[in-house]
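S.K.: need a 3D model of the following:
(one chain, ligands or ions: 1)
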Amino acid sequence: MRAWNMVYSTIRTQVNRPGLSYSSALLAAIFFSIAAASSAPRVEITTPSTNSIVDAGNIFIGAKTSDRDGSIAAVEFYETDRKIGECFTKPFNTIWSNVPPGVYTLTARAIDKAGGSATSEAVRIDARTPLPSALIRGPYLQVGTPYSMVIRWRTDVPAGSKVTYGIGGHLTQAVESAEQVVDHAVKLSNLRPDTRYYYSVGSPSGILASGFEYFLTTSPVVEKHTRIWAIGDSGTASADARSVWEAYRDFTGGRLTDVWLMLGDNAYYSGTDPEYQRAVFDMYPGILRQTAVWPTRGNHDASSAYHDIFTLPTKGEAGGTPSGTEHYYSFDYSNIHFICLDSSFSVRRRDGAMCTWLRADLAANFKEWVIAYWHHPPYSKGSHDSDWERELVEMREEVVPILEEFGVDLVLSGHSHCYERSFLLRGHYGLSTTLAPSMLLNTASGRFEDGGPYLKATAGLDAHQGTVYVVAGSSGWATFGSMDHPAMFASFLVMGSLILDVEGPVLNATFLTKDGTVDDYFSILKDTSEFRLRSLHRAGRQLILTWDSIPGKRYQIEYSLQAEPPRWTTYSGSIQSSGHRTTWIDYSAPDRPKAIYRVRELE
Ligand SMILES: [Fe+2]
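M.R.: This next block holds a predicted model:
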């Protein structure tokens with residue numbers, strides 16, 4: 001205070017002296033010079049910078065000071081009004097320890113040896129959970145629908161979750177959670193159907209995985225060529241299991257897998273979490289991040305880890321009737337209805353909860369194809385025998401009649417470590433010795449060049465047109481068996497996997513061995529000779545119609561705004577068909593909430 005008094009006195013003296021009025025600027029300069037030499041110290045926080053995101057935990061805070069007489073005695077550090085550290089020597093800094101995630105306001109206060117002090121400008125920081133050091137599982141995709149996808153992954157330490165995503169590599173959208181977990185599950189919603197989204201996973205403080213191979217594709221709402229990969233008893237984590245995967249990877253090349261089915265015994269011997277890590281997550285990291293996997297539970301998936309690892313639909317999220325349980329469920333993809341049953345741990349009786357749900361689900365289905373899968377095969381003479389093993393017998397006696405009643409096309413199983421593929425079967429619910437010629441609807445190979453594909457009239461209720469049963473349980477090993485079930489067209493003790501390609505009314509199946517050879521193939525063809533409108537779908541402003549067609553024929557769409565009597569108005573121009581299934585889309589369809597549509601075959 002003495003210095004201030006002296007300056008003030010000097011000024012007064014000078015301005016009061018006659019003839020020195022010109023010196024006011026000079027006086028001001030003198031004033032400031034003297035005042036600076038005697039002022040309080042200056043201090044600012046240099047680390048962290050304001051509005052920065054920092055790791056929670058231990059936060060380093062550094063300050064820079066200046067003082068004309070160089071006599072800073074101490075710097076104190078504050079979070080709002082709470083003192084969090086102090087330092088008595090240069091460089092002035094401190095470590096603020098055990099800081100939980102949150103937004104904080106920091107200041108530093110410098111004190112000089114004369115007792116003067118100054119406080120820095122406030123620095124605002126956002127302390128977040130540090131980025132985990134490692135991504136140790138995934139990411140992997142679950143419950144794909146036309147409008148949503150669940151992305152899961154595991155980190156080595158608890159952390160928040162964040163997925164950024166977008167179309168065409170621009171990850172402009174994000175979903176995040178501050179909840180500290182090691183097993184992360186983020187659902188992306190409001191996506192566009194049949195669209196590729198690139199994504200990254202991480203925590204709010206950083207990215208753990210991203211790149212051109214991190215993308216998902218939403219399910220279509222209209223028919224689309226669909227590739228399905230089915231593996232059974234794959235969980236050996238062996239070099240041979242890897243060969244099965246690599247053979248498929250080479251086979252499919254750049255063709256993405258749309259639907260991936262696991263037929264049970266996905267991780268030997270008990271389905272524990274470490275076993276799943278070795279047999280699934282360390283085995284298939286590439287496809288896991290691009291294709292949603294839809295597993296069923298085998299007898300070896302006994303550990304409760306199964307339900308911790310997989311997110312499965314219980315509410316009909318992906319189509320089908322809500323099952324209320326992850327043990328069994330259904331979903332739709334393109335024109336296919338998939339049904340996953342639990343032959344291992346659920347009641348198999350026809351009056352049990354699973355079969356009760358199954359009936360309801362099948363009754364509500366309107367998709368053209370029905371593919372059902374579970375672990376224990378209804379027909380097998382491989383390493384398991386369907387004539388006397390309880391699960392196999394019950395699935396055949398209790399469940400298969402329901403499926404056939406509703407026109408199931410294909411049933412996939414594992415459990416027997418082999419490949420077995422039936423003829424087109426109907427009504428064979430007893431022992432293998434009771435197989436009668438009337439139960440074999442087609443005794444040929446099911447191949448286009450060899451008697452033609454298995455032909456089925458229609459799908460839907462009471463469509464007893466036959467079913468093909470495949471045991472594809474050799475994706476992890478091929479063991480033993482008599483391999484002589486009379487319902488089978490093909491029975492091999494060979495390792496491999498099953499590939500299905502469904503395109504409109506055609507289903508092509510291929511058994512690909514671990515060596516990359518095709519040891520069996522067959523086709524099922526839906527009879528499209530009946531001219532019919534297959535589907536009518538509205539997606540935003542798009543109106544999409546699909547009908548069975550004759551290649552080369554011309555068609556026209558018409559609509560009527562009233563039912564009785566209809567007054568047909570031409571809607572489309574002439575549409576020439578190039579195949580047995582034609583889809584026509586109006587990309588900006590007018591809003592006609594009560595219109596009726598029809599397809600007319602032109603002469
Ligand atoms: Fe099994």
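S.K.: quick one, what contacts the spatially most central residue of the chain?
M.R.: The centre of the chain sits closest to residue 141, judged by CA atoms, centre = their mean, with a distance of 2.5 Å. Applying CB atoms under 8 Å, 6 or more residues apart in numbering to residue 141 gives the contacts 149-152, 216, 288-293. The C-beta positions use only the backbone N, C-alpha and C, and glycine is treated the same way.
S.K.: sort out for me which of those are in strands.
M.R.: 149-152, 216, 293 (DSSP state E).
S.K.: list phi and psi for the residue of the stretch 351-500 of the chain found nearest the ion.
M.R.: Nearest residue of the stretch 351-500 of the chain to the ion: residue 415, at 3.9 Å (CB to the ion). The phi/psi pair for residue 415 (degrees, to the nearest 10) reads phi 70, psi -60.
S.K.: can you give me the helices in the stretch 1-150 of the chain?
M.R.: Under the criterion DSSP state H, counting those that start in this stretch, helices of the stretch 1-150 of the chain are mapped to 2-16, 24-37.
S.K.: same thing with the chain?
M.R.: For the chain, the helices defined by DSSP state H occupy 2-16, 24-37, 239-252, 273-276, 285-288, 305-309, 353-364, 390-394, 400-405.
S.K.: for the contacts of residue 141, which one is nearest residue 187?
M.R.: Here the nearest of the contacts of residue 141 to residue 187, counting by CB to CB, is residue 150; it sits at 4.9 Å.
S.K.: ok, for the closest one, nearest residue in space, not its chain neighbours?
M.R.: Closest residue in space to residue 150, ignoring its immediate chain neighbours: residue 142 at 4.2 Å, by CB to CB, 6 or more residues apart in numbering.
S.K.: list the residues that contact that neighbour.
M.R.: Residues counted as contacts of residue 142 (CB under 8 Å, 6+ apart) are 149-152, 185, 292-293, 310-312.
S.K.: could I have the ChimeraX command that selects the buried members from the residues you listed?
M.R.: Here is the ChimeraX command that selects the buried residues among the contacts of residue 142 (16 or more other CB atoms under 10 Å):
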select :149,150,151,152,292,293,310,311,312
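S.K.: next, format the contacts of residue 142 as JSON lines and append distance to residue 248.
M.R.: Shown next, in JSON lines, are the contacts of residue 142 (distance: CB to CB, whole Å):
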{"residue": "149", "distance to residue 248": "22"}
{"residue": "150", "distance to residue 248": "24"}
{"residue": "151", "distance to residue 248": "23"}
{"residue": "152", "distance to residue 248": "23"}
{"residue": "185", "distance to residue 248": "27"}
{"residue": "292", "distance to residue 248": "17"}
{"residue": "293", "distance to residue 248": "14"}
{"residue": "310", "distance to residue 248": "21"}
{"residue": "311", "distance to residue 248": "24"}
{"residue": "312", "distance to residue 248": "23"}
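S.K.: got the residues of this structure near the ion?
M.R.: Residues of the chain found near the ion (CB under 5 Å from the ion) are 265, 298-299, 415.
S.K.: switch to 8 Å and redo it
M.R.: 233, 264-265, 298-300, 344, 375-376, 384, 414-415, 473 (CB under 8 Å from the ion).
S.K.: touching stretch 104-117 from outside, list them.
M.R.: Contact with stretch 104-117 is made by 39-45, 48, 61, 63, 65, 67, 69, 71-80, 84, 92, 118-125, 127, as judged by CB under 8 Å, 6+ apart.
S.K.: hmm, 7 Å instead?
M.R.: The contact list for stretch 104-117 (CB atoms under 7 Å, 6 or more residues apart in numbering) reads 40-41, 43, 45, 61, 63, 65, 67, 71-80, 118-120, 122-125, 127.
S.K.: now the ones in strands among the contacts of residue 141 in JSON lines, with pLDDT and distance to residue 109?
M.R.: Output for the ones in strands among the contacts of residue 141, formatted as JSON lines (pLDDT from 0 to 100; distance: CB to CB, whole Å):
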{"residue": "149", "pLDDT": "98", "distance to residue 109": "51"}
{"residue": "150", "pLDDT": "98", "distance to residue 109": "50"}
{"residue": "151", "pLDDT": "98", "distance to residue 109": "46"}
{"residue": "152", "pLDDT": "98", "distance to residue 109": "48"}
{"residue": "216", "pLDDT": "98", "distance to residue 109": "52"}
{"residue": "293", "pLDDT": "98", "distance to residue 109": "58"}
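S.K.: and of those residues, the nearest to residue 240?
M.R.: Nearest to residue 240 out of those is residue 293 (CB to CB; 20.3 Å).
S.K.: wait, residue 320 touches residue 361, no?
M.R.: Yes. Shown here, residue 320 and residue 361 form a contact pair, counting by CB atoms under 7 Å, at 5.5 Å.
S.K.: hey, what's in contact with both of these two?
M.R.: In contact with both residue 320 and residue 361: residue 330, using CB under 7 Å, 6+ apart.
S.K.: domain map for this structure?
M.R.: 2-37, 42-128, 153-218, 219-526, 533-601 (automatic domain parsing).
S.K.: who touches stretch 52-65?
M.R.: 41-48, 72, 75, 77, 85, 91-97, 99-101, 106, 108, 110, 120, 125-130, 205.
S.K.: that one: how far from the chain's middle?
M.R.: In terms of CA atoms, centre = their mean, to the nearest Å, the gap separating the centre of stretch 52-65 from the centre of its chain is 37 Å.
S.K.: before we move on, back to that, most widely separated two among the residues of the chain next to the ion?
M.R.: For those, the farthest-apart pair by CB to CB is 344 and 473; their separation is 13.5 Å.
S.K.: who has more neighbours out of those two?
M.R.: Shown here are residue 344 and residue 473; by other CB atoms under 10 Å, residue 473 has more neighbours (34 against 22).
S.K.: go ahead and confirm that one touches residue 392.
M.R.: No. The criterion here is CB under 7 Å, and residue 473 misses it with residue 392 at 11.8 Å.
S.K.: on that earlier part again, nearest to residue 397, out of the contacts of residue 141: which one, please.
M.R.: For the contacts of residue 141, the closest approach to residue 397 (CB to CB) belongs to residue 293, at 29.9 Å.
S.K.: bridging residues for that closest one?
M.R.: Beta bridges link residue 293 to residue 260 when assigned by DSSP bridges.
S.K.: in the stretch 301-450 of the chain, where is pLDDT below threshold?
M.R.: Filtered on pLDDT under 70, the stretch 301-450 of the chain yields no residues whatsoever.
S.K.: what ranges does it have for its strands?
M.R.: In the stretch 301-450 of the chain, the strands defined using DSSP state E, counting those that start in this stretch lie at 329-333, 336-340, 369-373, 410-413, 419-422, 424-425, 440-442.
S.K.: what stretches of the stretch 501-603 of the chain score poorly on pLDDT?
M.R.: Where the stretch 501-603 of the chain drops to pLDDT under 70, the residues are 528-530.
S.K.: strands of that one, start to end?
M.R.: Going by DSSP E, counting those that start in this stretch, the stretch 501-603 of the chain shows strands at 506-513, 518-526, 533-539, 542-548, 554-560, 569-570, 575-576, 581-586, 596-601.
S.K.: tell me the buried residues in the second one?
M.R.: When neighbours are counted by 16+ other CB under 10 Å, the buried residues of strand 518-526 are found to be 520-526.
S.K.: listing partners with orientation, what would you give for that strand?
M.R.: Strand pairing for strand 518-526, using DSSP bridges, gives strand 454-456 (parallel), strand 506-513 (antiparallel).
S.K.: looking at it, residue 93 is touching residue 86, isn't it?
M.R.: No. Applying CB under 7 Å, one finds residue 93 not in contact with residue 86, separated by 10.4 Å.
S.K.: I appreciate the help and will end here.
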